[in-house]
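Visitor: Give me coordinates for this.
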Amino acid sequence: MVGGAGLWLPVLTGTWHGGLFRAVEMVLLSLFFLLTSMRLVRLLARVPRVNVQVMAGAAAGYLHLGLTGGVLATATQVLVPGSFSLGEGASHQLLLDRLTYFSFVTIAGVGYGDVLPANAVGERFVILLSVASTLYVALLVGLLLGRFIASEEVEMLEDDQLDLD
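Guide: Numbers count the residues shown, from 1 in each chain. Down below sits the predicted model:
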């Protein structure tokens with residue numbers, strides 16, 4: 001609730017509220033996104049049979065990873081100013097937008113342009129986000145595809161058994 005109100009407050013008032021309020025808000029929002037990300041991954045990993053809805057959940061998890069990266073990058077910038085170079089004309093009012101863009105560019109492996117890590121903290125964040133997105137795609141989606149293929153094979157074997165009876 002606090003994080004959500006804090007996200008809309010700058011939009012409604014046209015100002016960027018800095019200081020301790022913004023730092024606390026970003027930490028709480030980061031914790032929320034991290035916890036929901038972990039819960040989603042655990043949920044997807046425990047699914048016994050994979051169907052279209054589960055695959056859609058995996059795709060939503062990838063998008064959630066990008067949003068989580070944007071929130072965490074914003075928290076990093078708020079707590080350690082100067083972690084990211086935001087490009088020309090960037091303002092603090094657009095910080096979450098710019099760093100969410102940066103997060104999606106990072107997880108997609110597109111390459112950087114106007115938003116860059118500017119110090120060791122920003123670089124370490126990029127390393128963690130890149131590794132997390134690669135592991136997400138390779139491990140979780142690979143696991144789900146393996147289960148999907150296995151469930152299709154079971155259905156084919158069941159159909160063959162019914163044909164023999």
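Visitor: drop to CA atoms for contacts and neighbour counts, all remaining ones
Guide: Noted.
Visitor: Just the pLDDT for the residue nearest the centre of the chain.
Guide: Nearest to the geometric centre of the chain sits Leu65, at 1.3 Å (CA atoms, centre = their mean). On pLDDT, Leu65 comes in at 89.
Visitor: Mind checking what secondary structure it has?
Guide: When classified by DSSP: H, G, I helix; E, B strand; the rest coil, Leu65 comes out as helix.
Visitor: where do the helices sit along this structure?
Guide: 2-13, 19-45, 52-79, 95-108, 120-135, 142-164 (DSSP state H).
Visitor: Packing partners of the second one?
Guide: Helices and strands in packing contact with helix 19-45 are listed as helix 2-13, helix 52-79, helix 142-164; criterion 3 or more CA pairs under 8 Å, 6 or more residues apart in numbering; DSSP states H and E.
Visitor: Which one, of the ones you listed, ends up nearest to Ser130?
Guide: Across the helices and strands packed on helix 19-45, Ser130 has its closest neighbour in helix 52-79 (9.8 Å, CA to CA).
Visitor: re the thing from before, columns distance to Arg39 on top of the helices and strands packed on helix 19-45, output as TSV?
Guide: Below are those laid out as TSV (distance: least, CA to CA, whole Å):
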stretch	distance to Arg39
helix 2-13	19
helix 52-79	10
helix 142-164	16
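Visitor: Packed most tightly, which of those helices would that be?
Guide: Each of the helices and strands packed on helix 19-45 was scored by mean neighbour count; the highest is helix 52-79, a mean of 20, by mean count of other CA atoms under 10 Å.
Visitor: Please tell me how far it is from the chain's geometric centre.
Guide: Relative to the chain's own centre, helix 52-79 is displaced by 2 Å; criterion: CA atoms, centre = their mean, to the nearest Å.
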